[in-house]
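Asker: Model the following, please.
(chains A and B)
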Amino acid sequence: MHFSDVGYIALILALGFAIYTGCVAVAGAARNSVLCVASGKRGVLVVAFFLALASAALIASFLSHDFGVSYVAQHSSMAMPWYFTTAAFYGGQEGSLLYWALMLAVFSAIFVLTAKRTAPVLVPYVIATLVAIESFLLIVLITVSNPFARLPVAPRDGVGLNPLLMDTGMLVHPPMLLMGYMSFSIPFAFAVAAMITGKLDSEWLRSIRRWTLAAWSIQTTGLILGAWWAYHVLGWGGYWGWDPVENAALLPWLTATAFLHSTMVQERRGMLKVWNLVLVVASFTLAIFGTFEVRSGIISSVHSFAYSDIGSYFLVFLVIIIVASTLLFLYRLPKLRPEQEFDSPLSREGIFLLNNLLLVGIAFATLWGTIFPLISVALRQQTMTVGPPFYNAVNGPLFLILILAMGVGPLLAWRRTSWRVLGRNLGVPALAAAACAAILPLLGVRDIWANIGFAVCTFSAGAIFYELWRGMRVRHRHGESYAQALIMLFRRYRQRYGGYIVHLGLVMLAVGVIGSHFFQAQQDATLKAGQEMHVGGYTLKYYGNIGETYPGTSSVKSILQVWQGGQYEGFIYPGRVFYQNFNDQPVSIISISTFGLTDLYVFLADWNGASEATIRVFINPLTPLVWYGGALMLLGGIVCWWPERRKVRAVRQSGMAAGAVVQDDKPATAAGLTAKAAGRDDEEEVVV
Amino acid sequence: MKQRRPLLIGMAVAAVVGAIWIVVLLQNPPRQTLDQRARSVAAQLKCPVCQGESVADSPSAIAQQMRGVIRQQLQSGKSEQEVIAYFQARYGEQIVWSPPWQGFSLLAWLAPVGLLLGGAILLFFILRDWRTLSPEEGKSAHQAELAHVDEAELATYRALLEEELADEDPIFARPVSGTGES
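Answerer: This is a model prediction of the structure:
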């Protein structure tokens, strides 16, 4: 018996238990049977166990080099180091589906284990939705995309992994993105449960928001890592190419971001319930659409190593999701009325609506650009391309307005703000932005769009810092030192200030994007040993090429010396690696040296013998800020997500009315407490 | 008078910034070097043999050749548009990286813009609807809200709020007076 047999049996058992769990959970909800629901909860754990077993079996097959398994033979070879052999688990389509199913099972198990925080009415439906998705994946895994399928004759050695994937980025980027895609299933399951039961109260909102925040953070990490991988591996000097697959990963992120903002309106004002449900469902649908797009290969992309014939399965699944959610909506719509009126467009909720419009607009433009070539082929048999210039032209200005709104938003109060107060609050950041706009042309920034972009970023960052300063000043007046005040602000109002960290991260990222988009310099040169090239203040002196051979790989590297403004900075070795079985696909070793906030990006384009090479150099100003900003966004996401101590809140019983008149300077306290104090018993009256 | 001041300052700042931007825009004639022009044309063409790379970015031989042709044609006095049209005639429409502003592909541009405008208009009407739901508007509504809460009641609420804040965060336990931040 092989490991692969164990794996296959585990998959079948997992499917069996998943179906059982779904049935028993629905039955438990329908008959109000606690026992059935408890059985369903255990069922989820059993499914997770069998998927873990199947995954372990696949990894064992890889590590024992069992080339009788077709998937192992195609994605690994004897020469690969153990970590790539393990990572090959998700390097191909069957394995990545198994990985996805495993992650879904693990997250479902985490949900079940923390289910006591969720309203009991919702639990069975959440479980049923999750295992329904799980069953779909298992059916695909067992029938068309079986990672454990065996070959009639085992080859002596495997083909090996696609060389583009033999990179440290590969160890982290795909699992993160797949986990991100998957993690949108849990908010979706909550949405389905809420639509079935009609329980959309503040408790539900809190649960779904925490799960969405987790999904958002994972997806953010996946996107940033993907950009980092592209920057380090692909060799065109950029990190984001509006590739259809990148777009597919961005889409659910955009709608989830919109959701995280508009839930605050629902939390505070009881409005936008329908819209929020639409956004959750859209995020999950787009995640599935992304998978469908990657897998079906209907759109050409740099990710073409993942093509296969399971696209049609995902298409059917997509249709089922859309039809089912629409029907549920229509069923639930009459009950989803807003509880409060809208007072003024000049208010926090007003700016959140603008934020949602922009994010959804960006998402639509991106989706539209991605599928437009298909529409063109279908309607007039004419292929066409929609590339980065399109997305930059459409999405660039939208992102700019978004960042501007991001600066104004936190300065607006809920319900309404007078122009006078707003003017007072906006003064400082507006002056900072004006100073930035005035200074930049003196520093030689002549591009109008770059100037506007930087000014807007300055404005937003200024607004955030000003807001922080105001908070600190209030606490300082109460006798805390400024440093202490800052720490306490973050500890007490984690969501609000975590949000500011995310915003600052996004501003930083935007500055990096503007810098690298408008001020990138590029130069190609064919050099003979001893020759030099000069690019934007840097001098590169070429010495020659060296070749190295290892078992399974061979490489060519150029030796270059870098000087910056007359100062010696060291040697760099850009090169290419050839992998056995993939000799026509040499992988680039790109040399990236960071000087302050500028990247010197050197790529070996071509070489001839030992003493001639064609070198392509990019100077990428501010690009490191993209990574720092991304890290900051992740940090902010974690700060927002981090569980709060619940003790203090749980004991509050009084003070319900006070929340309504509280000023926004002290968020989360009074209003948050109101929601808490409303308690379980009368919550339905208050919110639904 | 005092109320108008921030508005005036804001308008002055906006005017200054606008003036700077206009000056930058006017001062920046498209006097680019041949290199920059060639690169901007190459960036608008898709490399015909690559996956998702432009002619400017691709290291492939054909892209290199095309870059040479672009340079040559620009040097011989053709405009950017003419060079792009030349490649479009030879390689077909899909060589252009972004859909042109004409015919069917205009739809690619107009749909997102249309959706945004539609969304904005929809939002406007929804907001108007929601606002007419509330009987009074602006400040008067706020005052009306406070009108039937008498001063004593309000004081209790404030005390309650203080207490609540203090409970959550000990720093507010001290009696607050005249912070101006209420």
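
Asker: pull the CA atoms of the helix or strand hosting residue A:628 into PDB?
Answerer: Following DSSP states H and E, the helix or strand that holds residue A:628 is helix A:623-641. Coordinates of each C-alpha in helix A:623-641 appear next as PDB, following Å, rounded to 0.1, in the frame of the first residue of the first chain:
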ATOM      1  CA  THR A 623      10.000  51.100  -4.700                       C
ATOM      2  CA  PRO A 624      11.100  49.900  -1.300                       C
ATOM      3  CA  LEU A 625       8.200  52.000   0.100                       C
ATOM      4  CA  VAL A 626       5.800  49.500  -1.600                       C
ATOM      5  CA  TRP A 627       7.100  46.700   0.700                       C
ATOM      6  CA  TYR A 628       7.300  48.800   3.800                       C
ATOM      7  CA  GLY A 629       3.800  50.100   3.200                       C
ATOM      8  CA  GLY A 630       2.500  46.600   2.600                       C
ATOM      9  CA  ALA A 631       4.100  45.500   5.900                       C
ATOM     10  CA  LEU A 632       2.500  48.400   7.600                       C
ATOM     11  CA  MET A 633      -0.900  47.500   6.200                       C
ATOM     12  CA  LEU A 634      -0.600  44.000   7.400                       C
ATOM     13  CA  LEU A 635       0.500  45.300  10.900                       C
ATOM     14  CA  GLY A 636      -2.600  47.500  11.000                       C
ATOM     15  CA  GLY A 637      -4.800  44.700  10.000                       C
ATOM     16  CA  ILE A 638      -3.500  42.500  12.800                       C
ATOM     17  CA  VAL A 639      -3.800  45.400  15.300                       C
ATOM     18  CA  CYS A 640      -7.500  45.800  14.300                       C
ATOM     19  CA  TRP A 641      -8.100  42.100  14.400                       C
END
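
Asker: who's in contact with that helix?
Answerer: Residues outside helix A:623-641 that contact it (Cβ atoms under 8 Å, 6 or more residues apart in numbering or on different chains) are A:210, A:213-214, A:216-217, A:220-221, A:223-224, A:227-228, A:231, A:239, A:490, A:494-495, A:497-513, A:515-516, A:594, A:597-599. Glycine gets a C-beta too; all of them are placed from N, C-alpha and C.

Asker: Which ones among these map onto strands?
Answerer: Among the contacts of helix A:623-641, the members found in strands (DSSP state E) are A:594, A:598, A:599.

Asker: rewinding a little: what residues of the helix holding residue A:628 count as buried?
Answerer: Of the residues in helix A:623-641, those with enough neighbours to count as buried (16 or more other Cβ atoms under 10 Å in any protein chain shown) are A:623-627, A:629-637, A:639-641.

Asker: before we move on, the earlier item: can you tell me which of the ones in strands among the contacts of helix A:623-641 are buried?
Answerer: With burial judged by 16+ other Cβ under 10 Å, the buried subset of the ones in strands among the contacts of helix A:623-641 is A:598, A:599.

Asker: if we can go back for a sec, what about the contacts of helix A:623-641, which are in helices?
Answerer: Judged by DSSP state H, helices contain the following of the contacts of helix A:623-641: A:210, A:213-214, A:216-217, A:220-221, A:223-224, A:227-228, A:231, A:490, A:494-495, A:497-513, A:515-516.

Asker: Is it possible to mark the buried ones in these?
Answerer: Listed as buried from the ones in helices among the contacts of helix A:623-641 are A:210, A:213-214, A:216-217, A:220-221, A:223-224, A:227-228, A:231, A:490, A:494-495, A:497-513, A:515-516; burial here means 16+ other Cβ under 10 Å.

Asker: Now the residue most central in space within chain B: closest residue in space, sequence neighbours ignored.
Answerer: Note on chain B: the residue nearest the mean C-alpha position is residue B:116, at 12.0 Å, using Cα atoms, centre = their mean. When the adjacent residues along the chain are set aside, residue B:116 lies closest to residue A:361, with 4.5 Å between them (Cβ to Cβ, 6 or more residues apart in numbering or on different chains).

Asker: With residue A:572 instead?
Answerer: According to Cβ to Cβ, 6+ apart, the nearest residue to residue A:572 is residue A:591 (4.1 Å).

Asker: how many other residues sit next to that neighbour?
Answerer: Neighbouring residues of residue A:591 were enumerated by other Cβ atoms under 10 Å in any protein chain shown; the total is 21.

Asker: residues in contact with it?
Answerer: Counting by Cβ under 8 Å, 6+ apart, residue A:591 makes contact with A:560, A:572, A:573, A:574, A:600, A:601, A:602, A:603.

Asker: How about the backbone phi and psi for it?
Answerer: phi -90, psi 120 (degrees, to the nearest 10).

Asker: Which pLDDT value belongs to residue 57?
Answerer: No chain was given, so I picked chain A. According to the per-residue confidence, residue A:57 scores 95 in pLDDT.

Asker: Hmm, no, I was thinking of chain B.
Answerer: Taken from the predicted model, the pLDDT recorded for residue B:57 is 79.

Asker: That one contacts residue A:238, doesn't it?
Answerer: Yes. At 7.2 Å, residue B:57 counts as touching residue A:238 under the criterion of Cβ atoms under 8 Å.
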